[in-house]
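# The following block contains a protein sequence and its predicted model.
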Amino acid sequence: MRVDTAGALHAGWPSVREEPGRARLAVCTPTGTAVVLGSTQNEQIVDHDRAILAGVDVVRRRSGGGAVMVGPHDPLWVDAWVPRGDPRWDDDAARAFDWFGTWWSELLTRAGCQGVSVHRGSHRRRSRWASTVCFGGLGRGEVLDPVGRKVVGMSQRRDRHGAWFHGACILRWDADPLLAVLALSPGERDAARSELDGLVTGVGRLLPGRPRPDRARELLLDTIFTGV
């Protein structure tokens, strides 16, 4: 378990830096709420005044993709480190997501989610907001519910030692907090919300009894740490 600000969690992974030849998996819990921008995104997509008023930090990760909002409770954020030479290593950066997608789908299935699947194809822009919001697109390895809504988003960064994967599993989908701090007009926010709500869902809706997000998180954490 790693607990720190979102900026610090993205800035470095001390145990990996100290021992890069060892594979690792960690649940990351940010101490506050933050919008995490992809490596190539312009910070002007964020309305910084709105973000300050909402108490939302703006940070950047060194992996690609669109903006994601993270907080202490949702999404469930899991990072993985795969060193070069590990059996899970793949020189192809796209194919490299396959094992991580399989890990997530098996985790969700063991926890009680039915019918989840892993996207094995190329990146798809499923919405005009895909370049702005991570969950508006679909990348290889990402996990879908039975009707094709995205429940786990991923990104990856690489260096000469290995690959660092980020995985974000939505527990309860609500686009409003993220859209509220982006530099969009009211009409654009409404349009983005409408499109994204048809493309994304939370795993709380897939688990038996549709538990609250906090209980869904507990179930997934128990499954990760006990292997049940």
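It's in.

# Run through the strands of this structure in chain order.
2-4, 24-30, 34-37, 57-60, 68-70, 76-83, 117-118, 124-125, 137-138, 143-144, 150-158, 162-169 (DSSP state E).

# Residue 221: neighbour count?
The local packing of residue 221 (other CB atoms under 10 Å) involves 15 other residues. Every C-beta, even on glycine, is put in place using the N, C-alpha and C of the backbone.

# ok, now how distant is it from residue 107?
Applying CB to CB, to the nearest Å, the value for residue 221 to residue 107 is 10 Å.

# now residue 45
Remark: distance between residue 45 and residue 107 (CB to CB) = 31 Å.

# What average pLDDT does stretch 185-194 get?
The predicted model gives stretch 185-194 an average pLDDT of 96.

# Tabulate the CA atom coordinates of that stretch in PDB.
Extracted in PDB, the C-alpha atoms of stretch 185-194 (Å, rounded to 0.1, in the frame of the first residue of the first chain):
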ATOM      1  CA  SER A 185     -18.800  25.700 -21.300                       C
ATOM      2  CA  PRO A 186     -22.000  24.500 -19.600                       C
ATOM      3  CA  GLY A 187     -23.200  23.100 -22.800                       C
ATOM      4  CA  GLU A 188     -20.000  21.200 -23.300                       C
ATOM      5  CA  ARG A 189     -20.200  19.800 -19.800                       C
ATOM      6  CA  ASP A 190     -23.800  18.600 -20.400                       C
ATOM      7  CA  ALA A 191     -22.700  17.000 -23.700                       C
ATOM      8  CA  ALA A 192     -19.600  15.300 -22.200                       C
ATOM      9  CA  ARG A 193     -21.700  14.000 -19.300                       C
ATOM     10  CA  SER A 194     -24.300  12.500 -21.600                       C
END
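
# Comparing residue 45 and residue 107, which shows the higher neighbour count?
Per other CB under 10 Å, whichever of residue 45 and residue 107 has more neighbours is residue 107, with 22 against 19.

# My read is that that one contacts residue 223, right?
Yes: shown here, residue 107 and residue 223 form a contact pair, counting by CB atoms under 8 Å, at 5.8 Å.

# Tell me which strands the helix or strand of the chain with the lowest mean pLDDT pairs with, and in which orientation.
One helix or strand of the chain scores below all others by mean pLDDT, DSSP states H and E: strand 124-125, with a mean of 85. Sheet pairing of strand 124-125 (DSSP bridges) gives strand 137-138 (antiparallel).

# Need the contact partners of the partner strand.
Here strand 137-138 makes contact (CB atoms under 8 Å, 6 or more residues apart in numbering) with 65-66, 119, 123-127, 130-131, 144, 150.

# Now, of those residues, which are buried?
Buried members of those, counted by 16 or more other CB atoms under 10 Å: 65-66, 119, 126-127, 130-131, 144, 150.

# dump the residue contacts of the most centrally placed residue in the chain.
The centre of the chain sits closest to residue 168, judged by CA atoms, centre = their mean, with a distance of 2.3 Å. Going by CB under 8 Å, 6+ apart, residue 168 touches 68, 70, 75-77, 134, 152-154.
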